[in-house]
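[1] Give me coordinates for this.
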Amino acid sequence: MANQHSTNGTYEAPSADEIDIRQATLEDEPGVRELTSGIWTDRGGDYLQRVYPDWIEGPDDDHKRTFLADAGDEVAGIVQAVMLSADEAWFQGMRVGNEYRRQGLSRRLNESCFDWAREQGATVGRLMIFSWNAAALGASRSAGYGPSTEFRWAHPVPDADASSPDSVATTGNAARAWRYWTTSEAREHLRGLALDPDESWALRELTRADLQRLDDESMVFAVDRPDGVAGMSYRNRTYERETDDGEDELWVEYGVSAWADTDAARSLFGAIARDAASLEADRTRVLIPETVRWISDASLAAGHISEHPDFVLGIDLTSGGPAPRRKD
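    Residues are numbered from 1 along each chain as shown. The predicted model follows:
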């Protein structure tokens, strides 16, 4: 990136219409690190500082595309689009430099994502925003996104001796877990969304095929009682995260949990705690719906929940408007 905007040795930021929106490359990493160096410093810093090389798609990779705003001498903005299913796109990592805001740059980055996702067959696009990030929430609504759902994390402690008031089956339960999910209040609140099994920090519509695959490759839980199935969950992935002390912690992530009542919640979180302990995990996180009932149940049954919820917003890529609310 050569500096094309110097006057008497003083750099002048180019206007938005002089900025090129193009596909990001590995060579852009220094500029991306500079762009994100001052973001969320009070919360451990921007995750793009750590994951940017993994973001860059290979030459034959058509399931994701990272767009960068090239200001000539620096990176002015960045965003990534990912196809999570045949028609569901996920947008993440929107960043715009302070001196380039309110010039329509985020709109141009969004439109690049929308156009690319439509070319891949997407009919809906979604993104997630931390509930405390008021600026991003407002910008997303301005860009045409509408509210989809909200969720929170439960953090049951891994415990090989965790008790349960009811029996919990942990293998061969895809069909029973799916049947409970299809009629649960949790699915209605979450609009059918759960954590994607492959893309971290992304949500898409959970399918029966997903649960069958997870039952074969990971673990699916169903709370079985004489009156029928009363809860479900699944293990999504494991990953390591570095602590503030520089130590590595093993986390186990569970893609969604739904249950009928507090006894079922205790059974479900008990099974999750035992499963995490069997993997020698240090910590867990379980996606749960954000309502008073679900949060209070999880607080009682799991013991630990995250401090803030997260919000999911969506846009209908067939019309350019907010994603329509699910009716089934």
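
[2] Could you pull up the mean pLDDT of stretch 311-327?
    Mean per-residue pLDDT for stretch 311-327: 79.

[3] Under the pLDDT cut-off, which ranges of the stretch 151-300 of the chain? List them.
    Of all residues in the stretch 151-300 of the chain, those with pLDDT under 70 make up the ranges 166-171.

[4] can you give me the helices for it?
    With helices called from DSSP state H, counting those that start in this stretch, the stretch 151-300 of the chain shows them at 174-183, 185-190, 208-217, 262-278, 292-302.

[5] could you dump those helices to JSON lines with distance to residue 82 and mean neighbour count?
    From N, CA and C alone the C-beta is placed, and that goes for glycine too. Shown next, in JSON lines, are the helices of the stretch 151-300 of the chain (distance: least, C-beta to C-beta, whole Å; neighbours: other C-beta atoms under 10 Å):
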{"stretch": "helix 174-183", "distance to residue 82": "24", "mean neighbour count": "19"}
{"stretch": "helix 185-190", "distance to residue 82": "19", "mean neighbour count": "20"}
{"stretch": "helix 208-217", "distance to residue 82": "16", "mean neighbour count": "16"}
{"stretch": "helix 262-278", "distance to residue 82": "27", "mean neighbour count": "23"}
{"stretch": "helix 292-302", "distance to residue 82": "27", "mean neighbour count": "18"}
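
[6] out of those helices, which comes closest to residue 136?
    Closest to residue 136 of the helices of the stretch 151-300 of the chain is helix 185-190 (C-beta to C-beta; 20.6 Å).

[7] thinking again about what came up before, the helices of the stretch 151-300 of the chain: which one's closest to residue 119?
    Nearest of these (C-beta to C-beta): helix 208-217, 24.7 Å.

[8] report the angle between the axes of that closest one and helix 174-183?
    140 degrees (axes from the mean of the first three to the mean of the last three C-alpha atoms, to 10 degrees).

[9] on contacts alone, who are the packing partners of helix 208-217?
    helix 174-183, strand 228-242 (3 or more C-beta pairs under 8 Å, 6 or more residues apart in numbering; DSSP states H and E).

[10] residues in contact with the first one?
    To tie it back to what came earlier, the one meant is helix 174-183. The contact list for helix 174-183, computed with C-beta atoms under 8 Å, 6 or more residues apart in numbering, reads 169, 187, 206, 208, 211-212, 214-215, 220-222, 224, 229-234, 256, 258.

[11] Can you turn the buried part of those into a ChimeraX selection?
    Those of the contacts of helix 174-183 that count as buried under 16 or more other C-beta atoms under 10 Å are selected in ChimeraX with:
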select :187,206,211,214,215,220,221,222,224,229,230,231,232,233,234,256,258
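
[12] residue ranges of the helices in the stretch 1-150 of the chain, please?
    Under DSSP H, counting those that start in this stretch, the stretch 1-150 of the chain gives helices at 29-36, 48-55, 105-119, 134-142.
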